[in-house]
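> what follows is a predicted protein model with its sequence.
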Amino acid sequence: MSFEDFPSAFRGAVYRPGDAGYADARCIFNAHVADATPALIVRAEDEADVVTVARYATATGTPLAVRAGGHGVDGTAMPDGAVVLDLTRLDTIDVRPETGVVRLGAGVLLADMDATLEKHGLVVPSGTVSSTGIAGLTLGGGVGYNMRRYGATVDNLLSCDMVALDGRRVTASATENPDLFWALRGGGGNFGVVTGFEFQAKPLPPLVSAGFIVFPLDQAAAVLGALREYLPTAPRELAIIAVLTKCPPLPPVPPEFHGADVLMPVVVYTGPQEKAEPVISDVVALGTPVATAVGPMPWSAANRMLDVIAPSGRRYYTKGGYLAELSDTVIEIVVRNAANAPAPVHPMLPSAVQNVWAMGGAISEDFDEDSAAFSREGAAWMWEIITEWDSPADDDTFHGWLDNARADLTPHLRGNCYINLSTDNGPEWRRSAWGGEERYSRLVEVKTAWDPQNLLRFNKNVPPL
Ligand SMILES: Cc1cc2nc3c(=O)[nH]c(=O)nc-3n(C[C@H](O)[C@H](O)[C@H](O)COP(=O)(O)OP(=O)(O)OC[C@H]3O[C@@H](n4cnc5c(N)ncnc54)[C@H](O)[C@@H]3O)c2cc1C
């Protein structure tokens, strides 16, 4: 279909295949899912444009894809043959320093949010790669270096402005459309087009301590075991992602460990600088590292640390799940799979990575499972597995290793999970991902009320009744 009847009232740019600008507009982060050919990409100038598109979709029964930051691992922002509503121009950031209330347009990227809020000593807890969009991240839940201190992104959300599929502009908050607000905090892009997010930002000092510590893989089991014992005593201001990968040739790492299998805890401490040293020393003391590169830096630099290993335009495939405990068996499995990971295909970039995220603190203890659709119950740790490569010829290698490693760990993963850090695993997985049948039914009810035709189906889809 060519959608020749698309409304002329739409004021933003409109791209069809073959138009100048179409190829750029079609670009998304994950090259593995970026070769689809949407029929129409429409870039909204403002909320009125979003209303125009929503009304058109409903009147014509046209399914609608939504593109914000373009980082979704499934590529649902750019499906074949679809009409895509591009929100990248809705990129305003409005900070009220006196209250810490922040309003963000749906096209804002984490890099711009962090840089703006940092000037006011504020932060909205979000993700760890700065080119990610706040919209898709928030709608799925949002986890990052501040989650143990301040909770998930959705735990800091005050309200959403949403354009419903019938064109109504609505607010969702604890007092207005509370069921919708519950669903928008973790239920993904199922319910309407969110044009703006209002957050209660939290204080953050100008400098944080951040970096990485490198342990050879033969210490990994012992270090992860020690980390399991240490974590309950660690301050909430400490974030740890224990990364298992082949070590990139990073300057402080001795050359004999370049390309070697390592356990590399990435740490960020956001408490007062004068208290950082003993905390980082505790993590270093979990084993005998071959390199330690942790130091003070502005928050916005810390939250860009991982950008370098996650460039746009590579082929990515990822899965993940929650762990109730970091048992010896779990540790044995992740270490074994680190040891049999395929070699990187790029001299500077990893190709096969497992991340063990330390949960606990605010995200686990301060917010009820029932407070939001984002599910966290029983999640003491989060395991994430990522492969990244460049040539389709290597697809089988990287899919194969990842799928085997996931199959190994599956008996130990909880049924609930964080939907944004995994490619979609199908309807059965979705029924449990948000925490079980009762919570899934609640999402179905909200979906049925707000999108009965399932026009928003390019997502981790919750079909309506
Ligand atoms: C390299 C990398 C690192 C990541 N790191 C983290 C991390 O540290 N923490 C974390 O929590 N997540 C992380 N993620 C996952 C990330 O949160 C999701 O991929 C998220 O969906 C990206 O949002 P986006 O706006 O950039 O993506 P998009 O691809 O634009 O959106 C993803 C989907 O969300 C829906 N959507 C987006 N915006 C709207 C809207 N305004 N209204 C309705 N529906 C909408 C659509 O269904 C869309 O297909 C990472 C992803 C990548 C690729």
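In hand now; what should we look at? Numbering: from 1, shown residues only.
> so what's the closest residue to Y56 other than its chain neighbours up against?
Closest residue in space to Y56, ignoring its immediate chain neighbours: P7 at 5.5 Å, by CB to CB, 6 or more residues apart in numbering. C-beta: built from backbone N, CA, C; applies to glycine. By CB atoms under 8 Å, 6 or more residues apart in numbering, the contact set of P7 is 52, 55-56.
> next: W357.
Residues in contact with W357 (CB under 8 Å, 6+ apart) are 143, 240-242, 381-384.
> repeat that for 6 Å
By CB atoms under 6 Å, 6 or more residues apart in numbering, W357 lies in contact with 241, 382.
> do the helix or strand hosting it and the ligand meet at all?
Per DSSP states H and E, W357 falls inside strand 352-358. No: Strand 352-358 lies apart from the ligand when judged by CB under 6 Å from any ligand atom; the minimum separation is 8.7 Å.
> tell me what the helix or strand just after that strand is packed against?
As assigned by DSSP H and E, the chain's next helix or strand after strand 352-358 is helix 362-365. Helix 362-365 makes packing contacts with helix 147-150 when contacts are defined by 3 or more CB pairs under 6 Å, 6 or more residues apart in numbering; DSSP states H and E.
> packing partners of the helix it packs on?
helix 362-365.
> next SSE after the helix it packs on?
As assigned by DSSP H and E, the chain's next helix or strand after helix 362-365 is strand 381-389.
> got the angle for that following strand vs strand 352-358?
If you take axes from the mean of the first three to the mean of the last three CA atoms, to 10 degrees, strand 381-389 sits at 160 degrees to strand 352-358.
> just how off-centre is strand 381-389 within its chain?
Relative to the chain's own centre, strand 381-389 is displaced by 12 Å; criterion: CA atoms, centre = their mean, to the nearest Å.
> and the contacts of it?
Under CB under 6 Å, 6+ apart, the answer for strand 381-389 is 314-323, 326, 345, 351-357, 359, 398, 402, 405, 421.
> residues in contact with the helix or strand just after it?
Where DSSP H and E defines the elements, the next helix or strand beyond strand 381-389 is helix 395-409. By CB under 6 Å, 6+ apart, the residues outside helix 395-409 that reach it are 317, 319, 333, 337, 342, 352, 385, 387, 389.
> check which helix or strand the first one maps to.
Per DSSP H and E: Y317 is located in strand 315-323.
> the helix or strand following that strand packs against which elements?
Where DSSP H and E defines the elements, the next helix or strand beyond strand 315-323 is helix 328-339. Contact here means 3+ CB pairs under 6 Å, 6+ apart; on that basis helix 328-339 packs against helix 220-230, helix 395-409.
> tell me which of the ones you listed lies nearest to I41.
Each of those has some distance to I41 by CB to CB; the shortest is helix 395-409, at 26.1 Å.
> flag every residue of the stretch 251-400 of the chain that's near the ligand.
Near the ligand, when you scan the stretch 251-400 of the chain using CB under 6 Å from any ligand atom, you find A310.
> what do you get if the cut-off is 8 Å, keeping everything else the same?
By the rule CB under 8 Å from any ligand atom, the part of the stretch 251-400 of the chain lying against the ligand is 306, 310, 316, 318, 386.
> now do the closest residue to the ligand within the stretch 151-300 of the chain against E118, distance only.
Nearest residue of the stretch 151-300 of the chain to the ligand, counting by CB to the nearest ligand atom: G189, 2.4 Å away. Note on G189: its distance to E118, by CB to CB, to the nearest Å, is 28 Å.
> same thing with A373?
Distance, A373 to E118, by CB to CB: 29 Å.
> more neighbours: these two, which one.
A373 (28 against 17; other CB atoms under 10 Å).
> okay, that one: pLDDT?
We have a pLDDT of 98 for A373.
> I'd assumed G187 was in contact with it.
Yes: the pair formed by A373 and G187 meets the contact definition of CB atoms under 6 Å, at 4.1 Å.
> hey, C-alpha coordinates of the strand holding W357 in CSV?
Extracted in CSV, the C-alpha atoms of strand 352-358 (Å, rounded to 0.1, in the frame of the first residue of the first chain):
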residue,chain,number,x,y,z
ALA,A,352,29.8,-12.1,22.9
VAL,A,353,28.9,-10.6,26.3
GLN,A,354,27.1,-11.8,29.4
ASN,A,355,26.1,-9.1,31.9
VAL,A,356,25.2,-10.0,35.5
TRP,A,357,23.4,-6.9,36.9
ALA,A,358,23.3,-6.5,40.7
